[in-house]
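Asks: Need coordinates for the following:
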Amino acid sequence: MTEIASPYMSHPRIMVLGVQPGVPPFRIVEIDGEVAGAARTLTDVLRVAASAGITVHDLDDPDTVRWVGGDKLTWTRPG
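Replies: All right, here's what the predicted structure looks like:
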């Protein structure tokens with residue numbers, strides 16, 4: 001019998017989307033697939049999560065947060 005390997009893809013509750021144009025630039029934060037707010041800083045991501053009742057212990061844990069279009073330190077668009 002042959003086993004089919006499938007890569008594990010986590011589905012975190014928090015998704016931080018790519019940087020959007022603005023003054024200052026911002027990132028949209030989704031929680032459970034719904035837009036929950038906008039973040040201009042890493043602290044804003046934590047605030048949005050807390051307002052939804054989620055305590056984030058590790059922003060680098062892919063089971064907790066998925067960063068799209070950059071990582072937790074990406075807050076400007078490539079020029």
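Asks: residues contacting Asp60?
Replies: Asp60 is in contact with Lys72, counting by CB atoms under 8 Å, 6 or more residues apart in numbering. Glycine gets a C-beta too; all of them are placed from N, C-alpha and C.
Asks: roughly how far apart are it and Arg77?
Replies: Here Asp60 is placed at a distance of 22 Å from Arg77 (CB to CB, to the nearest Å).
Asks: How about Val23?
Replies: Using CB to CB, one obtains 12 Å as the distance from Val23 to Arg77.
Asks: So between these two, which is more surrounded?
Replies: Relative neighbour count places Arg77 above the other of Val23 and Arg77, with 13 against 5, counting by other CB atoms under 10 Å.
Asks: right, and the secondary structure at the closest residue to that one other than its chain neighbours would be what?
Replies: Closest residue to Arg77 apart from its sequence neighbours, by CB to CB, 6 or more residues apart in numbering: Val19 at 4.8 Å. Secondary structure for Val19, judged by DSSP: H, G, I helix; E, B strand; the rest coil, is strand.
Asks: Specify the beta-bridge partners of Val19.
Replies: With DSSP bridges as the criterion, Val19 is bridged to Arg27.
Asks: Just the helices from this protein, written as ranges.
Replies: Under the criterion DSSP state H, helices of the chain are mapped to 42-51.
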